[in-house]
Each structure stands twice: as structure tokens, then as C-alpha cells.
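>>> build me a model from this:
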Amino acid sequence: MEDRERILKVLNAVSGKDLAPSDDESLFTSGLLDSFALADFVSGLEDEFGVRIPDSDLSARKFDTIQKVKEYLAAKR
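Below is the predicted model:
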């Protein structure tokens, strides 16, 4: 499974929606995530990708799009 598919799996589980936003669509503006769901999304990414994301990185700016999430995770590996 590609990173994009794995990110969408986590996103859909957290949002309760089965959507596939484009890589550059804002997850917050589209309503898929909000500030409360961000922590759950990041926790799901940690579990899915086996990475540790520090609390200091919990920023909507870093996780605003699928592309930004992919880049962030690539830098963590």
C-alpha cells in the first residue's frame, strides 16, 4: 500500500468520512479535520507508519494537505 493510501486510511478513520482529497487540498478547509481531530490524526499516523511525532509538531500547518503529510513522514523516516 502506498503512503497516500495509508494516510487516507488514517484520515478516513479519524474523520468518519470516506473521501479522497487531492494531494494539495486543505484537510482543514475541506472540513475533514479540525483542531480537535488533529491529535487523533497524528496518533493514527504514528501507529500506521511506526514513527514518533513530538507534541511540538502538532500544527495544522504541518498536516494541512496529504502532500505535506507525505513530506513530513518522509523526513521522519
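>>> CA atoms for contacts and neighbours, from now on please.
Fine.
>>> hmm, who's touching the longest helix belonging to the chain?
As assigned by DSSP state H, the longest helix anywhere in the chain is helix 35-49. The set of residues external to helix 35-49 that reach it, using Cα atoms under 8 Å, 6 or more residues apart in numbering, is Arg6, Ile7, Val10, Leu11, Val14, Ser15, Val51, Arg52, Ile53, Leu58, Ala60.
>>> got a list of contacts for the helix or strand where the fifth one lies?
Element membership for Val14, per DSSP states H and E: helix 3-15. Outside helix 3-15, the residues within contact range by Cα under 8 Å, 6+ apart are 18-20, 32-33, 37, 40-41, 44-45, 48, 66, 69-70.
>>> so for that helix, what's the average pLDDT?
Averaging pLDDT along helix 3-15 gives 95.
>>> now stretch 62-74
Stretch 62-74 comes out at a mean pLDDT of 96.
>>> buried ones in that stretch, by neighbour count?
Using 16 or more other Cα atoms under 10 Å as the test for burial, stretch 62-74 gives Phe63, Asp64, Thr65, Ile66, Gln67, Lys68, Val69, Lys70, Leu73.
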